[in-house]
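*Asks:* predicted coordinates and the sequence they were generated for:
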Amino acid sequence: MHMAEPRSFVPEPQNGRDLRDAFGLFATGVTIVTTGDPSGCAAITVNSFSSVSMDPPLVLWSPARRSRRYAQFAEARHYAIHVLAADQHELAFAVARDATALQDLPLGRNGWGVPVLDQCLARFDCHRYAVHDAGDHAIVVGEVLRATMQQGDPLAFFGGRMARIDNN
Ligand SMILES: Cc1cc2nc3c(=O)[nH]c(=O)nc-3n(C[C@H](O)[C@H](O)[C@H](O)COP(=O)(O)O)c2cc1C
């Protein structure tokens, strides 16, 4: 593997682009988080998801405080986290652009009334466990009430781009 000379810097407001690029070198999956909304379903595309604890079963993700969707997701009592499959990249971008992008799809409801996608690699039905301050984001910790999974290739996010991982 070829690596160019490392470049290091102290994070400052004026080199935020570099910090974003450095954070983007951590390859992640892609999720869509959904919660109930008076008009149906609110959704957000999220790659800050992480599993945290087995006992109790906990996961986390980080909403940006500046997001118009922040209050709704930081205050949600129940929400569902969908781990996306490789062929769901367009859906991920559509939800990133528009919180109501899922409203025209045939959504189901989980046992807690949260609108859910029927297709995804894994789904974690969560209830609010804790919300912690974290700078310009919050850390939302959810307790997993039910987990659902199926086989497929995962969608990945790296360097600002979506990629398919072949899982065979
Ligand atoms: C791959 C990907 C990952 C993202 N991850 C997060 C995330 O972890 N937290 C977050 O607040 N926004 C994340 N976003 C941005 C939101 O999906 C959405 O674009 C943003 O909230 C739009 O601003 P608005 O909520 O004000 O409409 C991500 C977007 C993409 C495309």
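*Replies:* Perfect, I can see it now. Note that the structure is predicted; figures quoted are calculated from it, not measured.

*Asks:* use CA for all of it now, contacts and neighbours both
*Replies:* OK.

*Asks:* can you pull out the helices in the protein?
*Replies:* 16-23, 70-75, 89-97 (DSSP state H).

*Asks:* adding mean pLDDT and mean neighbour count, write those out as CSV.
*Replies:* Listed next are those as CSV, based on pLDDT from 0 to 100; neighbours: other Cα atoms under 10 Å:
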stretch, mean pLDDT, mean neighbour count
helix 16-23, 96, 13
helix 70-75, 97, 16
helix 89-97, 98, 16
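
*Asks:* dump these into a markdown table; add distance to the ligand as well.
*Replies:* Shown next, in a markdown table, are those (distance: least, Cα to the nearest ligand atom, whole Å):
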| stretch | distance to the ligand |
| --- | --- |
| helix 16-23 | 12 |
| helix 70-75 | 7 |
| helix 89-97 | 3 |
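
*Asks:* adding distance to residue 4, write those helices out as a markdown table.
*Replies:* Output for the helices of the chain, formatted as a markdown table (distance: least, Cα to Cα, whole Å):
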| stretch | distance to residue 4 |
| --- | --- |
| helix 16-23 | 14 |
| helix 70-75 | 38 |
| helix 89-97 | 30 |
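
*Asks:* close to the ligand: what parts of this structure are there?
*Replies:* Within the chain, the residues that sit near the ligand (Cα under 6 Å from any ligand atom) are 30, 44-48, 62-64, 67-69, 93, 96-97, 157.
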